[in-house]
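Colleague: Sequence first, then the predicted structure:
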Amino acid sequence: MVDWEERQKEYWDFIAKRREKDYFSDFGPPHYSLMLPPVVKDNYGKWKYHEVVKCGVLKHVSESGDVVYSIRAVTPRLLSIQTIRDFCDIADKYCDGYIRWTTRNNVEFLVTDESKIDPLINDLKAMKPAYPVGGTHDAVTGKYALSNIVHTQGWVHCHTPAIDASGIVKAVMDELFEYFEEMKLPALCRISLACCANMCGAVHASDIAIVGIHRAPPLIDDDGVRRMCELPSTVASCPNAAIKMKPKEKTVEVDSEKCMFCGNCYTMCPGMPMFDPENDGTAIMVAGKISAARSDPALSKVVVPWIPNEPPRWPKVVDAVKKILEAWASDAKKHERIAEWVERIGWEKFFEKTGLEFTQHLINDYNRTPYIYAQLRASTNFRW
Amino acid sequence: MVDWEERQKEYWDFIAKRREKDYFSDFGPPHYSLMLPPVVKDNYGKWKYHEVVKCGVLKHVSESGDVVYSIRAVTPRLLSIQTIRDFCDIADKYCDGYIRWTTRNNVEFLVTDESKIDPLINDLKAMKPAYPVGGTHDAVTGKYALSNIVHTQGWVHCHTPAIDASGIVKAVMDELFEYFEEMKLPALCRISLACCANMCGAVHASDIAIVGIHRAPPLIDDDGVRRMCELPSTVASCPNAAIKMKPKEKTVEVDSEKCMFCGNCYTMCPGMPMFDPENDGTAIMVAGKISAARSDPALSKVVVPWIPNEPPRWPKVVDAVKKILEAWASDAKKHERIAEWVERIGWEKFFEKTGLEFTQHLINDYNRTPYIYAQLRASTNFRW
Amino acid sequence: MSETPMLDELEKGPFPSFVTEIKKAGETKEAARDLLRLLERSYKDKKTHWKHGGIVAVKGYGGGVIGRYCDLPDEFPAVAHFHTVRINQPTSKFYTTKSLRAICDIWEKRGSGITNFHGSTGDFVLLGTFTEELQPLRDDLAELDPPFDIGGSGSDLRTPSACIGPARCEWACYDTLDVCYEMTKEYQMPLHRPMWPYKFKIKCSGCPNDCVAAKARSDFAIIGTWRDDIKIDQNEVKEYAKIMDIQAEVVDLCPTGCMSWDGSTLSIDNANCVRCMHCINKMPKALAPGDDRGATVLIGAKAPMLDGSTIGWVFLPFVKLERPYDELKETLDNLWEWWDEEGKFRERVGELIWRKGVREVLKVLDIEPSPYMVSSPRNNPFMFFDKSELIHSDYIKELERRGIKLKGEE
Amino acid sequence: MSETPMLDELEKGPFPSFVTEIKKAGETKEAARDLLRLLERSYKDKKTHWKHGGIVAVKGYGGGVIGRYCDLPDEFPAVAHFHTVRINQPTSKFYTTKSLRAICDIWEKRGSGITNFHGSTGDFVLLGTFTEELQPLRDDLAELDPPFDIGGSGSDLRTPSACIGPARCEWACYDTLDVCYEMTKEYQMPLHRPMWPYKFKIKCSGCPNDCVAAKARSDFAIIGTWRDDIKIDQNEVKEYAKIMDIQAEVVDLCPTGCMSWDGSTLSIDNANCVRCMHCINKMPKALAPGDDRGATVLIGAKAPMLDGSTIGWVFLPFVKLERPYDELKETLDNLWEWWDEEGKFRERVGELIWRKGVREVLKVLDIEPSPYMVSSPRNNPFMFFDKSELIHSDYIKELERRGIKLKGEE
Ligand code: SRM
Ligand code: SRM
Ligand code: SRM
Ligand code: SRM
Ligand code: SF4
Ligand code: SF4
Ligand code: SF4
Ligand code: SF4
Ligand code: SF4
Ligand code: SF4
Ligand code: SF4
Ligand code: SF4
């Protein structure tokens, strides 16, 4: 059993030490034990099994016999403080003032009393906007709902995006909402989005990934370069060695034959913007996977090279994602994730079944990644 | 049906054209039809099936009902003209003057009359040295013999070898001879040898491969370099950019921290010898495969980094090869080649079962090969 | 007519709308109203209107704040500055409403009223404020009880993150919350002071299901696992047999084929189990990880710039994770020291390992090479051999005589 | 005592001894005797005693002879020169004893009496002679009936090679001997005159079993295949069922699981068959490749220098191979032209493709991209787009105004 007092004492001792300094800093996050509901603390590390009560509601049973129900509501991640307070109200009402968020930006309410589940869900629905419950999966029965889309800043905050983030997520989730509400997919399917190739959404290992790409080389702002950029590191930032120094003019130039529009130079140097509203857009990747279940983790692969930006609802992106999801869902076996499905049917059949076009863009020509990576074990699946 | 007359006429016309020139050249090999036994010409492209009569003897049956028996004897590849003439005597006696060699340096005698098989085999055995028959396999029954070891020149002829070729092949084949004579392996197992990393034996895709390696950087002969080498291409020959020009002295120097002893510089420039009798030796690779049967073709992987040269019979090399072969043979399922066996049991178990040691050398750090190679389809196994 | 006709379209549909959220914040905050109008402009222009931030920071900290400025400050004055502040979330993202409300109150006072709950790395992100608000904001957070601190950004240790683990999951093979918290606490210096070649991320998942996506998103992914046998409750197996086809859905999907089911007993050849979790996931009541628990550490996961996207690969096949986690700390200290010394500007640790060779980092950290680290051994014979591995032959002597320094020589 | 005690050890044992072979040649040839003594010296010294050869060639030919000199010419005068000559073997290595004996006679006169039957590329290799014998040797070979010509070496087309195919195999999907011979005949110029960036190898296998190891050993591997259904003779299947476990040994080993066997009928879902050959190999009397036959061409196989060893990858998913094989010739012509123009010194064609991107060679050769070419699509979004694929936006116009040349622009 965890000695909570001991751990909290350690924490407060640490905080006290920090407070001794002139400037109270580097004290870190609150100790987690201060945030855990009692049922969690009492049964910490003692959970025995879980069941899925219904889509969005989990039941965890402890060795002690204690039970906790988790009600999971989806959020757009971008939340106003008003909404957070509304969530707090609900948590105060039903959950003794505790609340948590999941790693995919869903909010969870933990209750010990089964009878609170439905009222709580109703309160969530009554919010403005309504906060629907769902997105869980049940491996036992082999029924999976679609969870939230992990995503990034987009036009709401970032300086390098080729696409918006929240808007596309909203449009896609609206269209796929039935799969969120009901556990009717054959296996886990994680969708994610990153608004540029920096991939803050970590789309590089998702079942379906939406990624913003530029398609034109930077338009150099010589003044900006002179003012804001360190030339050698700007030159070094280009993976394809497309940037050349113009030392006399104290600026740089781009060999646009070599540029593959990654945007890394702009990240390093504000004098190299590359925003072309007509040519920026979305690429779609599929067949990534993170869990070790059944098959090794896998990187996502590009299957649609480019779709133009069509705000506010990006219909072509929505359509492509749905097409992939439904082609897979209707053809896959139980527990067979997209990566595993493609492994079984072959990429040639993937393109046939989804109706997507295979173009030259999809053939990897990025030769900076060394083959040695293929020989390192990117998986915990080994035998002792 | 092939029109043999037509094809031969084309050939002779071509030869005649060439003869018109002052200098009779560029006429190519003899047309193959001039070399084919009548039963082959008659049934060309009409073979229906085959059976393995016994180890070393195949029976092919044509749609026409014709039958041909092929008797396959192993050779050391290096043959004296005396032995070739002896083979010719046998071919004249039993095969109407036709004879062929296989792609793994075995000699084949084709007869149409079953009763000739045993006398022919006896004549082969009576040769000095005796030429034993074997090395075939029978997929139908799932019984496989070990065929000849594809190999290279070694100390008999080449200028870059780290090991001998023929001597090691002889030592290994003597030890594994029972597997050549009898079809008692669970699947195909192809052994090959190359005496240096140039891999003329194409050991890079063999079930078991023996490859000569150097372990010390070149010892530069400045005079030699000046006399025989073109400096820029010598510098460029190094995959690891370890060679630097010394323009003033008109020679080069090697950054021995960067050298991984590949020998490519010496291939380009005789002024960079790197023969160290004590440190040259053998690496052993496994789990390569060429056929598409069941699983994709695969490159061989290094499992023993180095074994010293121990002429004349290289006991440690022989031992390592045998250990691998027998660990596999005793554990593999029917038709399961080494690559497939390892795929099933995992590399960690490979090292356990063979008793070989896993060392840091076996972890790939050659980052010149781009990862893109892993995404190209090195296999004909795809669906239309 | 609405000022934001395009964004209004995004209030339709069943999925909760971020537009509605911005509007909600806009009820009290000017910045949120300007953000909405600016975003509408982006929707029209199909491009961002944010510029690079200069360095904006709070006293004593080098990271944690992302500077951001609008490129149309005159039209949208309330978002002329729109810096984000990354707050180090409580481990596994549990909160008391008390703490949450307190943060909301501070944010109402000091910023836009808009948040990201949470950032991709795991921070609780406060979205948009002016430079002059940053220090007061930090100070307000520090005064909370318990206090909240700032997370990472720039070339520093990023805010570590953990799955829910032992707090509510039956499969946690180690205490993800504690390891994550203790690492965060131990490494406050590098977390708040960017001084490395580039960023470094740590994530803690209690088992190979990896619910915090550590394998793809952290340079150092601590994945719970075990070394002994899977625990089986045959009675519960029989119960599951009533509701699932054990042969088809469990046994046949085992990646190594190490299970068998005869209709009444489930057997596992544990020597060939790779701990993929599938069977355990399928039958939580019947199967469980063994008792000899710990973690496998994967190294090197990252996004594609520059050398390509990666999922981490096996670095420490097994670590026992017992407080105070000295083995982990020692590994991190040594790893960082090496990276700091050898890494190029903006070279992630995994990229450095590729450049130098795994052998190099194993040597520096004194880690045993093992087949667990490779998906297969090298496919080329281009190996390095140190001087100490060579026979001291005449050839080597001649090299020495010529003053040629061999690899591995001091 | 024997002069060659170590080599004598290699006359023991059941495998035929190359030492005995050298001794046999030594009965009539001094060179063979010196070779044996020199080899004994190598065994003692554990190193080669051969030096690089300068350029040795015969009139009108640039390749086919490998120059070789002994580094101890005074001690071993009969092998002071020891050049090898590569003779273009008859396709699939069938010989008449008449031709063979004739070559042996010439070699007895002109060389060491030692041969390699055959070289790794496929040539009939005559092992060791003096410079002055080269031209007479070639001339003697040219006078034979039929004449024998020299094979490739250096940066040229190497001697093409083929499996036994239709000559004695039921599975040949095209006429390997004819394609191999016709290519050899067509390309006598590049075969005999090294003038490319590096070597180029062609090999022809009649089916995916690949008995000439084309996939690993040739820049251009022509692998027989088919597009329609596998032919099944159910009666013969039933015969095989008596001697093998069809479920375990055939159906369960099918890589795509596209077969089924109900104890009396074998069914194949041909749309999911990848033509791996396993089932056909197992039941030659019952199964056979379909009728719509041709070949898949793989490109780029080679040994490890410099960019690593490769097995070839799919380049032409399907070519019908009908005389006079124009499609093949056209592809080769265009490929070589491109490689000749773009390839660096000692850059194999596969390495050039890696450097330039597959897209580049597809464009030049006007080949359709297809999923057959990839094991999976790219795992990064770093794509090139030609100007013709872009929308002619204001941004692009501004780039043009500044004189910036976009990719794909003339
Ligand atoms: C709450 C959360 C952890 C947290 O700390 O917040 C969580 C919780 C659980 N996960 Fe997870 N997973 C959570 C993110 C993940 C992630 C990370 C991600 O998506 O970014 C993964 C890896 C995804 C991937 O592989 O790409 C993940 C892969 C799994 C798997 C593996 C499934 C598979 O077949 O590959 C399981 C096992 C299962 O239940 O089958 C699992 C199982 C579970 C269980 C059943 C564990 C348990 O016994 O309590 C939990 C309920 C699952 C459910 O949603 O129905 N969880 N799970 C995360 C919920 C995210 C959400 O809001 O939807
Ligand atoms: C004679 C030869 C072709 C030639 O043009 O010379 C040949 C002949 C046959 N091969 Fe082969 N193969 C020959 C080299 C190869 C090679 C190339 C090599 O070894 O370098 C391979 C690829 C090896 C690899 O994958 O690494 C090869 C992979 C096969 C296979 C695939 C087996 C597998 O399970 O992977 C078969 C199919 C089978 O019989 O199972 C096959 C089948 C056959 C059959 C049965 C074809 C037939 O129906 O006639 C022939 C008799 C096999 C036997 O030896 O029992 N042959 N065969 C070659 C004999 C070499 C030798 O002397 O031993
Ligand atoms: C806020 C956040 C996205 C989000 O909406 O959640 C984010 C936002 C930015 N990321 Fe990120 N990254 C965020 C998580 C990630 C992740 C995911 C993760 O940590 O799990 C990744 C992929 C994993 C990885 O570390 O590789 C990620 C990979 C990058 C990269 C590419 C790094 C690489 O090695 O390839 C950059 C580029 C850079 O470092 O200059 C980057 C750079 C940036 C910058 C600072 C933009 C820049 O050019 O310097 C973005 C600031 C946006 C803004 O306006 O706030 N961000 N970034 C995430 C941090 C929130 C948090 O602290 O919780
Ligand atoms: C004779 C032969 C080995 C044998 O004993 O059979 C041979 C011998 C030599 N090869 Fe080879 N190669 C021979 C087949 C191969 C093969 C196999 C094949 O063709 O199927 C390969 C691997 C496949 C390939 O092409 O990559 C091969 C890959 C090399 C390489 C590495 C090429 C690369 O791109 O990595 C070199 C180095 C070079 O080209 O400078 C090389 C270079 C050489 C040289 C010329 C040595 C040199 O440094 O220049 C060798 C002359 C040895 C000698 O003393 O005769 N040899 N060489 C083979 C040719 C006989 C014939 O014509 O039939
Ligand atoms: S993915 Fe790119 S555009 Fe989006 S938040 Fe990250 S750095 Fe900014
Ligand atoms: S966008 Fe990428 S490829 Fe193009 S110049 Fe910038 S860094 Fe180089
Ligand atoms: S492998 Fe190396 S040493 Fe052996 S023949 Fe080829 S080039 Fe010469
Ligand atoms: S042996 Fe290889 S690595 Fe060493 S210097 Fe020569 S070419 Fe470079
Ligand atoms: S990673 Fe494992 S331990 Fe952590 S929450 Fe997921 S299933 Fe549970
Ligand atoms: S954990 Fe995975 S590998 Fe182990 S027995 Fe279960 S399904 Fe098989
Ligand atoms: S490659 Fe195919 S066609 Fe050629 S000999 Fe081998 S099995 Fe027969
Ligand atoms: S050829 Fe291979 S893939 Fe096709 S049915 Fe037979 S075994 Fe299956």
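Modeller: Noted; the coordinates are in hand. Ligands and ions are numbered 1, 2, ... in the order given.
Colleague: burial count for the residue in the stretch 151-300 of chain A that ligand 12 sits nearest to?
Modeller: Closest approach of the stretch 151-300 of chain A to ligand 12 (Cβ to the nearest ligand atom) occurs at A:Ser295, with a separation of 20.3 Å. From N, CA and C alone the C-beta is placed, and that goes for glycine too. Using other Cβ atoms under 10 Å in any protein chain shown, A:Ser295 has 19 neighbouring residues.
Colleague: How about the secondary structure of it?
Modeller: Counting by DSSP: H, G, I helix; E, B strand; the rest coil, the backbone at A:Ser295 sits in coil.
Colleague: if I look at it, how far off is C:Pro208?
Modeller: Distance, A:Ser295 to C:Pro208, by Cβ to Cβ, to the nearest Å: 12 Å.
Colleague: got any residues that touch both of the two?
Modeller: C:Cys276 (Cβ atoms under 8 Å, 6 or more residues apart in numbering or on different chains).
Colleague: mind checking pLDDT for the most centrally placed residue in chain A?
Modeller: The residue lying closest to the centre of chain A (Cα atoms, centre = their mean) is A:Val150, at 2.6 Å. Looking at A:Val150, its pLDDT stands at 98.
Colleague: Verify the stated contact: the residue of the stretch 151-300 of chain A closest to ligand 12 with A:Lys289.
Modeller: Yes. Contact criterion Cβ atoms under 8 Å: A:Ser295 and A:Lys289 qualify, at 6.9 Å.
Colleague: show me where the stretch 1-150 of chain C has strands.
Modeller: C:50-52, C:65-66, C:68-70, C:83-87, C:94-96, C:114-117, C:124-129 (DSSP state E, counting those that start in this stretch).
Colleague: What of the stretch 201-350 of chain C?
Modeller: Under DSSP E, counting those that start in this stretch, the stretch 201-350 of chain C gives strands at C:202-205, C:220-226, C:231-232, C:259-261, C:266-268, C:287-288, C:293-299, C:313-319.
Colleague: To ligand 7, which of those strands lies closest?
Modeller: For the strands of the stretch 201-350 of chain C, the distance to ligand 7 is smallest for strand C:313-319, at 32.2 Å, taking Cβ to the nearest ligand atom.
Colleague: ok, now how distant is C:Arg193 from C:Met6?
Modeller: In terms of Cβ to Cβ, C:Arg193 sits 42 Å off from C:Met6.
Colleague: okay, now the residue of the stretch 1-150 of chain C found nearest ligand 8: neighbour count?
Modeller: Residue nearest to ligand 8 within the stretch 1-150 of chain C: C:Thr121 (40.8 Å; Cβ to the nearest ligand atom). Neighbours of C:Thr121 under the rule other Cβ under 10 Å: 22.
Colleague: Excluding residues flanking it in the chain, which one is nearest it?
Modeller: Residue nearest to C:Thr121 in three dimensions, not counting chain neighbours: C:Arg158, with 5.2 Å by Cβ to Cβ, 6 or more residues apart in numbering or on different chains.
Colleague: helix, strand or coil for A:Ile284?
Modeller: strand.
Colleague: what about the helix or strand containing A:Phe180 and ligand 1, any contact?
Modeller: Using DSSP states H and E, A:Phe180 sits in helix A:177-181. No. For helix A:177-181, no contact with ligand 1 is found by Cβ under 6 Å from any ligand atom; the gap never falls below 10.0 Å.
Colleague: Alpha carbons only: can I get that helix in CSV?
Modeller: C-alpha atoms of helix A:177-181 as CSV (Å, rounded to 0.1, in the frame of the first residue of the first chain):
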residue,chain,number,x,y,z
PHE,A,177,-20.2,11.5,-34.6
GLU,A,178,-22.1,8.3,-34.7
TYR,A,179,-18.9,6.4,-34.2
PHE,A,180,-18.1,8.4,-31.1
GLU,A,181,-21.5,7.8,-29.6
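Colleague: got a list of what residue 173 touches?
Modeller: As the question left the chain open, I've gone with chain A. Per Cβ under 8 Å, 6+ apart, neighbours of A:Met173: A:Val74, A:Asn148, A:Ile149, A:Phe180, C:Gly13, C:Phe15.
Colleague: wrong one, chain C
Modeller: Per Cβ under 8 Å, 6+ apart, neighbours of C:Cys173: C:Gly206, C:Cys207, C:Gly224, C:Thr225, C:Trp226, C:Pro289, C:Arg293, C:Gly294, C:Ala295.
Colleague: Swap in 10 Å and give it another go.
Modeller: Listed by Cβ atoms under 10 Å, 6 or more residues apart in numbering or on different chains, the contact set of C:Cys173 reads C:165-166, C:205-208, C:223-226, C:275, C:289-296, C:321.
Colleague: Compare the strands of the stretch 201-350 of chain C and give me the one nearest ligand 5.
Modeller: Of the strands of the stretch 201-350 of chain C, nearest to ligand 5 by Cβ to the nearest ligand atom is strand C:202-205, at 17.6 Å.
Colleague: and the closest one, average pLDDT?
Modeller: The model assigns strand C:202-205 a mean pLDDT of 98.
Colleague: next one: it to chain centre, how far?
Modeller: 6 Å (Cα atoms, centre = their mean, to the nearest Å).
Colleague: What pairs with it, parallel or antiparallel?
Modeller: Using DSSP bridges, strand C:202-205 pairs in its sheet with strand C:161-162 (parallel), strand C:220-226 (parallel).
Colleague: picking that back up, of the strands of the stretch 201-350 of chain C, flag the one that's most buried.
Modeller: Greatest average neighbour count among the strands of the stretch 201-350 of chain C goes to strand C:202-205 (a mean of 30), per mean count of other Cβ atoms under 10 Å in any protein chain shown.
Colleague: what about that strand and ligand 9, touching?
Modeller: Yes. Strand C:202-205 reaches ligand 9 (Cβ under 6 Å from any ligand atom) through C:Ser205.
Colleague: Quick check: residues of chain A near ligand 6?
Modeller: Residues of chain A lying near ligand 6 (Cβ under 6 Å from any ligand atom): A:217-218, A:237-238, A:240, A:242-243, A:254, A:259-265.
Colleague: Going through the residues you listed, which ones are buried?
Modeller: The neighbour count (16 or more other Cβ atoms under 10 Å in any protein chain shown) marks A:217-218, A:237-238, A:240, A:242-243, A:254, A:259-265 as buried among those.
Colleague: Return the closest of the residues you listed with respect to ligand 10.
Modeller: Closest to ligand 10, out of all of these and judged by Cβ to the nearest ligand atom, is A:Cys262, at 37.7 Å.
Colleague: Show me what the helix or strand following the helix holding A:Phe180 is packed against.
Modeller: Next along the chain after helix A:177-181, taking DSSP H and E as the criterion, comes strand A:191-194. Judged by 3 or more Cβ pairs under 10 Å, 6 or more residues apart in numbering or on different chains; DSSP states H and E, strand A:191-194 is in contact with helix A:166-175, strand A:208-213, strand A:281-286, helix A:315-331.
Colleague: how about the helices in chain A?
Modeller: A:4-20, A:38-42, A:81-94, A:117-126, A:166-175, A:177-181, A:222-228, A:231-236, A:264-268, A:315-331, A:338-345, A:347-354, A:372-375 (DSSP state H).
Colleague: can you put those in CSV and add distance to D:Glu409 and mean pLDDT?
Modeller: Shown next, in CSV, are the helices of chain A (distance: least, Cβ to Cβ, whole Å; pLDDT from 0 to 100):
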stretch, distance to D:Glu409, mean pLDDT
helix A:4-20, 61, 98
helix A:38-42, 63, 98
helix A:81-94, 51, 98
helix A:117-126, 56, 98
helix A:166-175, 32, 98
helix A:177-181, 44, 98
helix A:222-228, 23, 95
helix A:231-236, 24, 95
helix A:264-268, 21, 95
helix A:315-331, 27, 98
helix A:338-345, 36, 98
helix A:347-354, 30, 98
helix A:372-375, 34, 97
